[in-house]
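Colleague: model the following, please.
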Amino acid sequence: MVTIRDVAREAGVSIATVSRALNGHSNVTKATREAIEAAAKTLNFVPHSGARSLTNRQTDTIGVILPDLFGEFFSEVIRGIDKIAHGAGKHLLLGNMHGSSHETTSAIRSMRGRVDGLLLMPPDSTAELLSDHLDANMPTVLLNAQAEGRDVPFVAVDNYHGARTITEHLIARGRKRIIHIAGPKHNRDARERLRGFADAMREGLGEKHPVVLPGDFTETAGQEAARLLLAGQVPADAVFASNDVMAVGLMSVLDEAGVAVGAETLVAGFDDIPLARHVSPKLTTMQSNMAQLGSTAAMLLLRMLRGEELGSEHGVVLSPRLAERGSTGRASPNGGATIAGAPADAA
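Modeller: Below is the predicted model of the structure:
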C-alpha cells in the first residue's frame, strides 16, 4: 500500500509538507503542491478519508458547531442538517462550545482543513468574534445569528415576534399576572424572546416592568421557578417560559403540587420539541421547527459548495407558528386565579 511517506519521497519534500497539502493548508507553494499532486498520481496514492482529495481538495464533510449537542433542540437541528447532507453524500463533523465564546473560536479553528464548509450557531454572535475568526475562504452559514460587517448567509427564527405572539395569546386568555422565565443572558434567542415578551406586556397590559425570572434553558430552571410560584413569592396566573424544557420542568412541579395547569395557571413554551406533545396537558408553544432551521441552512451551504456566491441578502428568517394546546386551556370570565392565592388583578 502506497503511503504518505512514499509520496513525500517521490516529490522530494517532507512528510509534513505532504500532510499540509493534503489538508488544503495555504502555506504550501503552488509549485510544491503541483509536485505532490504529480507524485500522488504517479503512485496511485489514495489519501486517508480524513485528508483532502488531491484532485478537488474536498473532504465531502460539513462542519457543524453548536452551543451544545445535548437536548431535543439541538438533536432536531442536527437531524435537519443530516437529512440534507446525507442526501448530498456529505458527512458531518460535529463540535460544540458549551456556550463559551472562547470555545467557539477554538471550535472554528479546529474545523479548518477538515471540512469543506461550516454551519455555525454561536452562543452569542458578535461582530468581533465572527470577523476575527471566520475563514473568508470557507463557505459558512450562520444559524440564529447574523454577522455584522461580514457578508455571510444565515438562517434564523423570528424569536421576537414569536414571543410577542405567545404572550398576546396568554393576554387574550384573560391573564394579567404573566411572568417570564428567561433564557441565558448571553443567548441571542433568549434576549429576543424576552424583548418580545416585554413589548407585548407593555402594549397589551400597560405593564412596564413585568416579572422576569432567571433561567438557563434547563428543566431545573423551570422547577425552581415553580417553587417560587408555589411559595407565593411570585403571584402569577400564567407563565411563558423561554423554551419548552423549562416549561415542562415548571409543569412537573405544579402538577405534583396539585395545581391545575391549563385552568388555574396557564403555561406556554417556545420551540415545540417532541416532548411538548407528550406531556399532560400538552404544551402550548411556538413551533420554530428546529429541523427546518437545520435543513434550510444545510441547503444554503450546499449551494455555496457548488460555487454560488451567497451573502447576507440570502438570509432566511423562519416565522414560528403558535401551537395551542391544553396547557393554556380556555379563558375564564374573570381571567383566572393566581396560584399564589391572590386575585389575578391584584396590585
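
Colleague: residue contacts, the spatially closest residue to residue 272 that is not a sequence neighbour?
Modeller: In space, and not counting its chain neighbours, residue 272 is closest to residue 287: 4.1 Å by C-beta to C-beta, 6 or more residues apart in numbering. Glycine gets a C-beta too; all of them are placed from N, C-alpha and C. Counting by C-beta atoms under 8 Å, 6 or more residues apart in numbering, residue 287 makes contact with 272, 320-323.

Colleague: hmm, which helix or strand of the chain has the shakiest average pLDDT?
Modeller: Here the helix or strand of the chain ranked lowest by mean pLDDT, DSSP states H and E is helix 127-133, holding a mean of 57.

Colleague: what's the following helix or strand after it?
Modeller: strand 140-143 (DSSP states H and E).

Colleague: for that next one, packing partners?
Modeller: strand 117-120, strand 154-157, helix 290-305 (3 or more C-beta pairs under 8 Å, 6 or more residues apart in numbering; DSSP states H and E).

Colleague: tell me how far the first one is from the chain's mean position?
Modeller: When C-alpha coordinates are averaged (C-alpha atoms, centre = their mean, to the nearest Å), strand 117-120 and its chain have centres 13 Å apart.

Colleague: the spatially most central residue of the chain and residue 40, how far apart?
Modeller: Residue closest to the average C-alpha location in the chain (C-alpha atoms, centre = their mean): residue 121, at 5.6 Å. In this view, residue 121 and residue 40 are 37 Å apart by C-beta to C-beta, to the nearest Å.

Colleague: next: residue 188.
Modeller: 45 Å.

Colleague: more crowded one of those two?
Modeller: More crowded of residue 188 and residue 40, by other C-beta atoms under 10 Å: residue 40, with 24 against 20.

Colleague: part of a helix, is that one?
Modeller: Yes: counting by DSSP: H, G, I helix; E, B strand; the rest coil, one finds residue 40 located in a helix.

Colleague: low-confidence ranges in this structure?
Modeller: Applying pLDDT under 70 to the chain flags residues 1, 23-26, 46-57, 98-102, 123-133, 147-149, 330-347.

Colleague: in it, which spans are strands?
Modeller: All strands of the chain, identified by DSSP state E, fall at 61-66, 91-96, 117-120, 140-143, 154-157, 178-181, 212-213, 238-241, 266-268, 285-287, 316-318, 321-323.

Colleague: leaving out chain neighbours, which residue sits closest to residue 151?
Modeller: Spatial nearest neighbour of residue 151, excluding adjacent residues (C-beta to C-beta, 6+ apart): residue 311 at 3.8 Å.

Colleague: quick one: contacts for that neighbour?
Modeller: Applying C-beta under 8 Å, 6+ apart, the residues near residue 311 are 151-153.

Colleague: apply 10 Å and report the result again.
Modeller: With contacts defined as C-beta atoms under 10 Å, 6 or more residues apart in numbering, residue 311 is in contact with 150-154, 304.

Colleague: quick check: closest non-adjacent residue to the residue nearest to the centre of the chain.
Modeller: Closest to residue 121 by C-beta to C-beta, 6+ apart is residue 143, at 3.9 Å.

Colleague: who's that neighbour bridged to?
Modeller: Going by DSSP bridges, residue 143 is paired in beta bridges with residue 155.

Colleague: burial count for it?
Modeller: The number of residues packed near residue 143 is 25, by other C-beta under 10 Å.

Colleague: pretty sure residue 296 is one of the things it touches, is it not?
Modeller: Yes: using C-beta atoms under 10 Å, residue 143 is in contact with residue 296, at 9.1 Å.

Colleague: shared neighbours, the two?
Modeller: Listed as contacting both residue 143 and residue 296 by C-beta under 10 Å, 6+ apart are 81, 155-156.

Colleague: how about JSON lines for those, with distance to residue 224 and neighbour count added?
Modeller: Shown next, in JSON lines, are the shared contacts of residue 143 and residue 296 (distance: C-beta to C-beta, whole Å; neighbours: other C-beta atoms under 10 Å):
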{"residue": "81", "distance to residue 224": "33", "neighbour count": "27"}
{"residue": "155", "distance to residue 224": "32", "neighbour count": "26"}
{"residue": "156", "distance to residue 224": "29", "neighbour count": "23"}
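
Colleague: can you give me the helices for the stretch 201-347 of the chain?
Modeller: For the stretch 201-347 of the chain, the helices defined by DSSP state H, counting those that start in this stretch occupy 219-230, 244-256, 290-305.

Colleague: what's the most buried one of those helices?
Modeller: helix 244-256 (a mean of 23; mean count of other C-beta atoms under 10 Å).
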